[in-house]
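K.L.:
how would this look folded up:
(one chain, ligands or ions: 1)
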Amino acid sequence: MERIHVSVRARPLSPEDAKSSPWRIAGNTIFIPNQPAKFEFDRIFGDECRTLEIYKERTKKIVSTAVQGFNGTVFAYGQTSSGKTHTMRGSATEPGVIPMAVQDLFNFIEEEMNREFLLRMSYMEIYNEEINDLLAPEHRKLQIHESIERGIFVAGLREEIVASPDQVLELMDFGESHRHIGETNMNTYSSRSHTIFRMIIESREKAEDTKTDNSCDAVRVSVLNLVDLAGSERVAKTGAEGVRLKEGSHINKSLMTLGTVIKKLSEGAESQGGHVPYRDSKLTRILQPALGGNANTAIICNITLAQIHADETKSSLQFASRALRVTNCVHVNEVGYLTAFCTQLSLCLLLTSTILTDAALLKRQKKEIEELRAKFQASHSEHLDEEILNLRNTLLKSELERERIALELEEEKKAQAEREKRLQEQAKKIENLSSMVLCSNRDEGRDTYKKEKRRYTWCPDNLSREASKELNSTVKEKASVVKAKRIERDIGPLLPFEELLDADSKGDSGKQEVNSRSNQLEDCTLPDSQALLHKTVSEIKIDYLTRKLFEADIHLVDGSEQDDYSLMDLNGAKH
Ligand SMILES: Nc1ncnc2c1ncn2[C@@H]1O[C@H](COP(=O)(O)OP(=O)(O)OP(=O)(O)O)[C@@H](O)[C@H]1O
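P.N.:
Okay, the predicted model is just below:
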């Protein structure tokens, strides 16, 4: 069990503020005379102290234990303009905790002659409760996840493999240029977001020689978080409005959650099975392992001793003194070789405590990569086999389906040919029937003449001899005209059966019309096949002839007015 280490750093004051300051520092205790509250910490640094001292106090040890495989977190807490960024990042004249830690990290690694290391770094900010990747500014609003292998992690956060302090600091400068900073009444360059600078340190023992298979050796993976929190602020003092006001409210809210988490932990809520609201803010969720979890944690509480900020300073000190009572359970993070390295197959570039130019090591690493790749492929080969089998089955199915469709098409073609053949036969039959009907028309002239002749001799009783002669010759004349007209019509163009019937019933004008129509429709108009098929040829013939005979009788005996050959003419009764 390891307690959170808490130190306090007071920023320098102007001479005026120094004179009016109510605070007194005695050893590691800070208090306001004549007030009951006294705050005692692991260490209190006055305004004259340098950042290096603060770094050496605790952070240095946390960095060295991180190289040994222990998680470590250091964060600066305090009101706005109290010197958090100055402490963590530093300035051109005085480096901060982060650059010092980075330099030391590589120094410690170099001292570890028997181990080889893989180092990665990430840099993120929590701005208005959204996680942005400062190394990949296009990665915004990242989500927090948790898994057995990785614990709590930010999905999609870029992790750069780094091999030197300069490389790290260069990347840090790049990230810093994308951090949200804004001006308030209290600080020209006020951090408007919490930033988490993270180093992930993996290491394992060096193999004796290149032939040794050490793939089962334990790998240590530790995380070092260096956090620069945004400062709590009072709107009345910062004069924040609009965007700044919104930022300020998010900052205060997340710091309040941090305070609640620390308070709960300090009261032993977790050990008593109580609820600790880590999930109430992104900051506490990400820092969860550092707060009551598996990490060496140190808090640097930045304060100002000015009279005007006495309330905020008291509030910061209360937070810090609660944090003092929080204990963590720290242990080395060791995982099996494959667990650690399979997830980073593409990142298999190892740092050594010597330099990367160790040819033997490179050779061995190449071999390890090949082995891992082979293992990876083997685990996927089964899956691939199954996939190939599925694809083959699908292909076979589609081939069968294609054959079935081709067969159906062939059968349909045959059926179509059969139908066409039957239609042609029917058309031929109809043609034959039509010609038979025409033949019977030709015969009709003769029959009519016979009938006319028969009628004429059949009823001459009421006529005089002269009239009878005249009638006789007229009838003959008319009959010959009828015959001529019939023949003319019969040998005319082939007419559809029904139109032929119509033509006869309509008389000459109808005939002309039908003739002209039949000329137009020549060869393409056929009698109704359905009607024809219901009658035998002889029936049709009989019907037709019967009708013709009947019409001829009417013409000759009743003298229809519409007929040119009406007997009314003969009687002189009508002109
Ligand atoms: N110990 C110190 N020595 C010299 N200058 C300091 C010290 N602490 C703070 N300052 C100066 O005070 C100003 C505000 O400091 P800084 O920006 O670090 O505050 P902060 O707590 O990070 O503020 P915010 O929360 O608003 O970001 C800076 O100009 C910084 O250089």
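
K.L.:
average pLDDT for whichever strand or helix holds L224?
P.N.:
Secondary structure from DSSP states H and E places L224 in strand 219-228. The average pLDDT for strand 219-228 rounds to 92.

K.L.:
Is that strand in proximity to the ligand?
P.N.:
No: looking at strand 219-228 against the ligand by C-beta under 6 Å from any ligand atom, there are no contacts, and the closest approach is 6.9 Å. (Each C-beta comes from the backbone N, C-alpha and C, glycine too.)

K.L.:
With only the CA atoms kept, save that strand in PDB.
P.N.:
Provided in PDB are the C-alpha atoms of strand 219-228 (Å, rounded to 0.1, in the frame of the first residue of the first chain):
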ATOM      1  CA  VAL A 219       7.200  -8.300 -20.200                       C
ATOM      2  CA  ARG A 220       6.800  -5.300 -17.900                       C
ATOM      3  CA  VAL A 221       4.400  -2.600 -19.100                       C
ATOM      4  CA  SER A 222       4.000   0.600 -17.100                       C
ATOM      5  CA  VAL A 223       2.400   3.900 -17.700                       C
ATOM      6  CA  LEU A 224       3.700   7.300 -16.600                       C
ATOM      7  CA  ASN A 225       1.200  10.100 -16.600                       C
ATOM      8  CA  LEU A 226       2.300  13.700 -16.200                       C
ATOM      9  CA  VAL A 227      -0.800  15.900 -15.800                       C
ATOM     10  CA  ASP A 228      -1.300  19.600 -16.100                       C
END
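
K.L.:
Now do that strand: which elements does it pack against?
P.N.:
Under the contact definition 3 or more C-beta pairs under 8 Å, 6 or more residues apart in numbering; DSSP states H and E, strand 219-228 sits against helix 60-67, strand 72-78, helix 84-88, helix 97-111, strand 194-205, strand 334-335, helix 337-342.

K.L.:
And the nearest residue to R115 once chain neighbours are set aside, how close does it get to P33?
P.N.:
Leaving aside its chain neighbours, R115 sits nearest to S203 (4.6 Å; criterion: C-beta to C-beta, 6 or more residues apart in numbering). Remark: distance between S203 and P33 (C-beta to C-beta, to the nearest Å) = 51 Å.

K.L.:
quick one: which of the two has more around it?
P.N.:
Between S203 and P33, counted using other C-beta atoms under 10 Å, S203 has the larger neighbour count: 26 against 7.

K.L.:
what's near enough to touch that one?
P.N.:
By C-beta atoms under 8 Å, 6 or more residues apart in numbering, the residues touching S203 are 67, 69, 109, 112, 115-118, 219-220.

K.L.:
Which two among these are spaced furthest apart?
P.N.:
Greatest spatial distance among the contacts of S203 (C-beta to C-beta): I109 and V219, at 14.8 Å.

K.L.:
Okay, now the unreliable bits of the stretch 351-500 of the chain?
P.N.:
Judged against pLDDT under 70, the low-scoring parts of the stretch 351-500 of the chain cover residues 351-364, 438-472, 474-476, 478-500.

K.L.:
any chance you could map the strands in it?
P.N.:
When secondary structure is read from DSSP state E, counting those that start in this stretch, the stretch 351-500 of the chain shows strands at 351-352.

K.L.:
mind listing the helices for it?
P.N.:
Under the criterion DSSP state H, counting those that start in this stretch, the stretch 351-500 of the chain carries helices at the ranges 359-458, 465-490, 497-520.

K.L.:
Model confidence for T257, exactly?
P.N.:
For T257, the pLDDT comes out at 93.

K.L.:
Counting neighbours, what do you get for A163?
P.N.:
15.

K.L.:
just V154 next, same as before
P.N.:
Other residues within reach of V154 by the criterion other C-beta under 10 Å amount to 22.

K.L.:
And for the one 3 residues further on?
P.N.:
For L157, the count of nearby residues is 21 (other C-beta under 10 Å).

K.L.:
for the ligand, what are the nearby residues on the stretch 251-400 of the chain?
P.N.:
In this structure, the stretch 251-400 of the chain approaches the ligand at residues N302, judged by C-beta under 6 Å from any ligand atom.

K.L.:
For the residue in the stretch 251-400 of the chain positioned nearest to the ligand, give the beta-bridge partners.
P.N.:
Nearest residue of the stretch 251-400 of the chain to the ligand, counting by C-beta to the nearest ligand atom: N302, 5.7 Å away. Using DSSP bridges, the beta-bridge partners of N302 come out as R9, G78.
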